[in-house]
Each structure stands twice: as structure tokens, then as C-alpha cells.
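Engineer: Model the following, please.
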Amino acid sequence: MNNILKSARLDFFLVLPYSKRIILADIIMPVFYTFTTGSILSGVSFTMCMAAILSCYTFSVSEKNGMEKLYGVLPVTKKELVLGRYVFTCLMGLFSLIMAIILHPAFLLLMKKECRPADVIISVIAGILTFSLYTVIQLPGYYKYGALRARVFMYVPLVGFFAFLYLLGSEKKSLTVLLGHPAVLAFAAVLLFIGAYAVSIALSIKFLEKKEL
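Structural biologist: Residues are numbered from 1 along each chain as shown. Predicted coordinates:
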């Protein structure tokens with residue numbers, strides 16, 4: 001467990017020089033999106049979409065600077081490296097979600113628009129679902145193909161986000177019924193989070209085991 005946390009800490013310092021760029025893309029831009037649309041649901045979903053896209057930073061920075069050799073000499077197993085990266089990715093997503101549920105309702109209140117507690121809860125659940133769905137697909141792709149060759153996986157969150165917006169518009173009645181049952185959504189979020197991440201982590205470990213560091 002200690003090695004997993006050390007691996008996550010290493011990833012943190014790896015992307016720290018890019019923190020301003022990450023905050024701009026992941027925190028500031030989505031706030032303006034909420035300001036424009038007046039919807040906390042789409043704003044929080046956009047935040048988590050950006051957070052998922054930015055999860056590629058650890059891969060691209062390490063690959064660009066040849067950090068694989070450093071990882072190879074560290075006293076940690078490949079499994080611990082993978083788990084550490086997933087821990088860091090999830091913590092990054094959690095930070096994004098916390099900032100979103102603080103800033104987005106505040107901006108809506110400044111705009112004198114209604115933002116009910118139920119809307120915030122539903123947005124949080126939807127944010128967790130979208131972030132989980134995006135990252136479980138992305139991370140194994142990065143491990144298998146590398147950051148440069150797997151750039152197509154960066155667009156998975158954007159495609160998913162636009163699909164969500166389409167459903168929000170065309171299937172509004174069905175989504176309203178679904179979003180009106182936050183307990184069902186929360187249960188689905190937990191099942192998706194556990195099951196999807198278990199499969200994703202297993203695949204990532206398998207792909208990294210085949211590589212020489």
C-alpha cells in the first residue's frame with residue numbers, strides 16, 4: 001500500500017509543473033460553460049469530461065521525458081505502478097468534482113438561477129458515472145499503445161459528453177425520469193465504479209507486464 005501511494009505521489013509531482021494549465025482547462029473553463037448554459041448538470045459533466053482528458057498528462061509527460069527507465073529502477077512492482085496511477089487519477093477526479101460542486105452552484109446563485117440540492121446531488125452522481133466511464137476506457141489504452149500512439153483515447157470523453165448533451169435534448173423525458181431517481185443512479189454509479197475499474201485495472205496491469213521498463 002505504501003508503494004502505491006508513493007507511485008501516486010510521483011505522478012503528482014510529474015504533472016505539478018502543468019498545474020496552471022490543468023486548473024484552467026479543468027476548473028475555469030467548465031465554470032464559464034455553466035455560466036453560459038445555466039445548467040449545473042451539464043457543467044459538472046463537462047468538468048469531469050475535462051478531468052478525464054487531462055488524465056493523459058501522466059502518460060504523455062513520462063513518455064516525452066523518457067521516465068519509463070526511472071520507473072524501471074524504482075523498488076515497486078508494475079502492479080503497484082498501475083494502482084498508483086489509478087489512485088492519482090481518481091484523486092484528480094475527486095478534486096475536480098469537489099471544486100465543481102462548490103463553484104458551479106455559486107455562479108448559478110450569482111446569476112440568480114435556481115440550484116436545488118437535488119440538482120447538485122444528481123450532478124455529482126452523473127459526474128462520477130461519466131468520469132468512471134471515460135477513464136476505464138482511456139487508461140488501458142494508454143498502457144497498451146503509449147500516450148502518443150493512443151491520442152485517439154483523449155477524445156473518448158468529448159464524444160461521450162456530446163452524446164450526453166444529445167440525449168439530454170432528444171431524450172429529455174426519459175432522462176428526467178431517470179434523473180428523478182437519484183438512489184437508482186447512485187447504485188448504478190457504485191456498481192459501475194467497482195466493476196469497470198476492476199476490469200480496467202486488470203487490463204492495464206496485463207499490458208504493462210508485457211512492456212520492458
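Engineer: Please name the residues that touch residue 205.
Structural biologist: 78-79, 82 (CB atoms under 8 Å, 6 or more residues apart in numbering). Just so you know, the C-beta spots here come from the backbone N, C-alpha and C atoms, and that holds for glycine as well.
Engineer: Quick one: low-confidence residue ranges for this structure.
Structural biologist: 69, 72, 150-186, 189, 213 (pLDDT under 70).
Engineer: Just give me the neighbour total for residue 97.
Structural biologist: 19 (other CB atoms under 10 Å).
Engineer: buried set for whichever helix or strand it is part of?
Structural biologist: Here residue 97, judged by DSSP states H and E, is contained in helix 78-110. For helix 78-110, burial by neighbour count (16 or more other CB atoms under 10 Å) applies to 78, 80-90, 92-93, 96-97, 99-101, 103-105, 107-108.
Engineer: could you point out which element follows that helix?
Structural biologist: helix 117-145.
Engineer: quick one, that following helix and helix 78-110 angle?
Structural biologist: Using axes from the mean of the first three to the mean of the last three CA atoms, to 10 degrees, the direction of helix 117-145 lies 150 degrees away from that of helix 78-110.
Engineer: just checking, what packs against helix 117-145?
Structural biologist: Judged by 3 or more CB pairs under 8 Å, 6 or more residues apart in numbering; DSSP states H and E, the packing partners of helix 117-145 are helix 40-53, helix 78-110, helix 156-170, helix 182-209.
Engineer: tell me, what residue is most central in this structure?
Structural biologist: Centrality entry for the chain: nearest residue to the mean C-alpha point is residue 52, 3.2 Å, by CA atoms, centre = their mean.
Engineer: ok, and the closest non-adjacent residue to it?
Structural biologist: Leaving aside its sequence neighbours, residue 52 sits nearest to residue 134 (CB to CB, 6 or more residues apart in numbering; 3.6 Å).
Engineer: Relative to residue 31, how far out is the one you found?
Structural biologist: 20 Å (CB to CB, to the nearest Å).
Engineer: now swap in residue 38 and tell me
Structural biologist: From residue 38 to residue 31 the distance is 12 Å (CB to CB).
Engineer: From residue 38, how far off is the residue of the chain most remote from its centre?
Structural biologist: For the chain, the largest distance from the centre (CA atoms, centre = their mean) belongs to residue 112, which lies 29.5 Å off. Here residue 112 is placed at a distance of 10 Å from residue 38 (CB to CB).
Engineer: any idea how far residue 80 is from residue 74?
Structural biologist: 9 Å.
Engineer: ok, now residue 92?
Structural biologist: Using CB to CB, residue 92 is found at 18 Å from residue 80.
Engineer: Tell me which residues touch the closest residue to residue 108 other than its chain neighbours, please.
Structural biologist: Excluding the flanking residues, the one nearest residue 108 by CB to CB, 6+ apart is residue 115, at 4.3 Å. The contact partners of residue 115, taken as CB under 8 Å, 6+ apart, are 40, 104-105, 108-109.
Engineer: I figured the residue nearest to the centre of the chain was touching residue 138, is that so?
Structural biologist: Yes - Residue 52 lies in contact with residue 138 (CB atoms under 8 Å); the separation is 6.5 Å.
Engineer: what residues does stretch 74-92 touch?
Structural biologist: 3-8, 10-12, 51, 54-55, 58, 71, 135, 139, 143, 197, 200-201, 204-205, 208-209, 213.
Engineer: Good, we can wrap up now.
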